[in-house]
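[1] Okay, structure incoming, though there's no sequence with it:
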């Protein structure tokens with residue numbers, strides 16, 4: 001039975017028995033799963049009227065607040081519900097989500113641990129605990145949790161979030177199984193719209209759907225490209241923003257360059273209807289399984305052609321996405337059997353960037369907490385990418401380059417303290433780790449002038465961060481792996497003509513970094529090569545990127561009946 005049919009049955013039952021507490025709770029769940037926050041809140045409040053202070057009703061109100069972005073209220077309501085029902089794993093799980101967004105990192109970890117202890121065999125909860133421990137650089141029981149999650153994916157036993165699974169040392173085949181299971185759960189709850197066809201004539205209507213149209217990595221990567229695409233007479237570009245206007249310069253530029261539709265807070269069905277109403281021929285999903293997107297709306301099939309691109313570096317496993325855009329290095333032919341989508345390739349690195357950025361002057365070393373002398377290795381990837389393998393490799397480099405330091409982005413909760421403890425356990429002075437707080441983008445970008453070499457992570461590479469580093473003139477050392485997520489930095493290096501910075505294994509990674517770290521002249525030459533490659537290669541040529549992407553989308557649409565202007 002579909003979610004729509006269940007909702008109808010519940011509404012009929014409540015018309016007969018309006019005092020049915022359980023039915024109101026179930027209706028609240030269905031409304032919230034449909035993205036209808038207002039209806040979910042109404043149902044939850046009716047349940048609470050019937051049974052004041054009941055944890056199940058309070059928990060639904062907490063979910064309402066969480067979905068509406070009122071994270072402190074969500075944490076308070078779910079905390080109360082969890083205290084009233086301490087043996088309820090689902091409420092503990094939702095509390096973890098709310099505490100994450102309320103910036104109580106360690107509290108979120110505790111909630112996920114409790115949920116897992118209450119329901120240790122549930123893969124989804126195990127995966128949530130595992131993902132959050134990675135964010136906190138808490139590697140206790142990591143191998144056991146990872147094995148549980150991978151075993152569950154292999155058996156098709158339970159739903160695991162595909163984005164979190166990208167951080168596991170899993171194959172592309174495993175990633176496909178994970179994504180397909182998640183997609184099947186979404187598909188079971190929707191009724192697709194009547195089939196639409198690509199229009200035969202006129203400018204190709206291209207839509208892009210994301211929650212990142214603002215001061216966000218997606219906005220940063222796409223803004224200059226969209227400014228170029230809006231000049232193309234063959235395309236008409238529409239952006240569908242799941243995030244509200246953040247007042248940023250990037251949001252302003254996107255609004256000026258395109259037709260931007262603010263669809264934040266809409267029900268999934270209304271989101272799909274808005275897209276359908278614009279007659280979109282090709283819809284680019286710029287979020288995928290990354291969180292904050294709306295796969296349910298995409299599953300409704302608002303556009304005749306739907307494409308996975310940019311934000312989710314893997315297969316969607318979803319029948320509602322027809323194609324994925326990559327390049328020959330990030331998504332080579334060997335990976336195609338493990339993709340549910342048809343693979344489309346750009347003749348350049350698949351990732352655009354904002355080439356209008358101007359680098360601010362760098363602060364001095366002391367301002368950044370860096371020593372006056374010594375090589376500065378950096379890795380400004382998010383903390384969940386800093387797994388034991390990547391950190392051991394970095395420690396080996398520090399041991400081989402006297403006086404060097406490793407500059408990291410500060411993580412949530414006690415992540416920094418755990419990394420310092422790991423440094424000491426490896427026989428290194430914890431002072432050789434330096435942490436940078438999250439900064440406005442121009443200030444963060446300027447700091448790359450003080451870094452000598454970016455040390456990438458595996459199996460989840462630097463993506464936007466690699467692009468940032470290279471734009472700012474900092475070389476990136478990477479060890480390309482066997483999945484899309486593990487090959488993005490390598491793709492950027494390849495297309496810049498810096499293939500020598502793509503090494504074969506961990507031993508070569510350590511040896512290369514040590515050699516460069518002990519040879520100031522070689523480092524200076526490498527930085528000069530990066531600066532030259534930035535100017536001469538096509539990686540940061542957004543006019544060329546726009547032409548290639550437009551040609552790719554036009555060719556794809558022609559196969560489905562579009563004949564051009």
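    Thanks, I have it. Note that the structure is predicted; figures quoted are calculated from it, not measured.
[2] Could you measure from the nearest residue to residue 522 once chain neighbours are set aside over to residue 28?
    Leaving aside its chain neighbours, residue 522 sits nearest to residue 516 (5.5 Å; criterion: CB to CB, 6 or more residues apart in numbering). C-betas here are computed from N, CA, C, even on glycine. Noted for residue 516: a distance of 57 Å to residue 28, by CB to CB, to the nearest Å.
[3] higher neighbour count, those two?
    residue 28 (29 against 22; other CB atoms under 10 Å).
[4] Surely that one is within a helix?
    Yes. Counting by DSSP: H, G, I helix; E, B strand; the rest coil, residue 28 is located in a helix.
[5] My read is that it contacts residue 44, right?
    Yes. Residue 28 lies in contact with residue 44 (CB atoms under 8 Å); the separation is 4.4 Å.
[6] Overlap in contacts, the two.
    60, 64 (CB atoms under 8 Å, 6 or more residues apart in numbering).
[7] what sits against the most centrally placed residue in the chain?
    Using CA atoms, centre = their mean, the residue of the chain that lies closest to the mean C-alpha position is residue 290, 3.8 Å off. Taking CB under 8 Å, 6+ apart, we find residue 290 in contact with 163, 311, 312.
[8] Tabulate those (a markdown table), appending pLDDT, neighbour count and secondary structure.
    Converted to a markdown table, the contacts of residue 290 look like this (pLDDT from 0 to 100; neighbours: other CB atoms under 10 Å; DSSP: H, G, I helix; E, B strand; the rest coil):
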| residue | pLDDT | neighbour count | secondary structure |
| --- | --- | --- | --- |
| 163 | 95 | 22 | helix |
| 311 | 92 | 26 | coil |
| 312 | 96 | 24 | coil |
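[9] ok, so of those residues, who is nearest residue 278?
    residue 311 (21.0 Å; CB to CB).
[10] OK, contacts around the closest one?
    By CB under 8 Å, 6+ apart, residue 311 lies in contact with 210, 212, 217, 218, 285, 286, 287, 288, 290.
[11] so how far is residue 166 from it?
    From residue 311 to residue 166 the distance is 12 Å (CB to CB).
[12] Also residue 511?
    Taken as CB to CB, the span from residue 511 to residue 166 is 27 Å.
[13] Which one of the two is surrounded by more residues?
    residue 166 (25 against 15).
[14] Over to the more buried one: give its phi and psi.
    Torsion angles at residue 166 (phi, psi; degrees, to the nearest 10) stand at phi -60, psi -20.
[15] Please apply the same query to the one 3 residues further on.
    Backbone torsions for residue 169, taken as degrees, to the nearest 10, come to phi -80, psi 70.
[16] Nearest spatial neighbour of it, chain-adjacent residues omitted?
    Per CB to CB, 6+ apart, closest to residue 169 is residue 459, 5.4 Å.
[17] list the contacts for that neighbour?
    Per CB under 8 Å, 6+ apart, neighbours of residue 459: 166, 167, 168, 169, 170, 481, 483, 485, 486.
[18] Over to residue 220?
    250, 353, 354, 441, 464.
[19] try it again with 7 Å
    Residue 220 makes contact with 250, 354, 441, 464, according to CB atoms under 7 Å, 6 or more residues apart in numbering.
[20] Likewise for residue 349?
    327, 491, 492, 495, 539.
[21] any idea how far residue 499 is from it?
    13 Å.
[22] what do you get for residue 513?
    Relative to residue 499, and taking CB to CB, residue 513 is found at 17 Å.
[23] which of those two has more neighbours?
    residue 513 (25 against 12).
[24] Hmm, the more buried one is touching residue 454, no?
    No. Residue 513 lies out of contact with residue 454 (CB atoms under 7 Å); the separation is 10.1 Å.
[25] Now do the shared contacts for these two.
    residue 477.
[26] helices or strands next to the helix or strand bottoming out on mean pLDDT in the chain in the packing?
    Sorting the helices and strands of the chain by mean pLDDT, DSSP states H and E puts helix 3-16 at the bottom, at a mean of 82. Other elements packing on helix 3-16 under the criterion 3 or more CB pairs under 7 Å, 6 or more residues apart in numbering; DSSP states H and E are helix 21-33.
[27] Figure out how far the next helix or strand after the helix it packs on is from the centre of its chain.
    Later in the chain than helix 21-33, the nearest helix or strand by DSSP states H and E is helix 37-50. Centroid separation between helix 37-50 and its chain, computed with CA atoms, centre = their mean, to the nearest Å, is 32 Å.
[28] and helix 37-50, what does it pack onto?
    Secondary elements touching helix 37-50 (3+ CB pairs under 7 Å, 6+ apart): helix 21-33, helix 55-67.
[29] What angle do helix 37-50 and the last one make with each other?
    The directions of helix 55-67 and helix 37-50 differ by 160 degrees, with axes from the mean of the first three to the mean of the last three CA atoms, to 10 degrees as the criterion.
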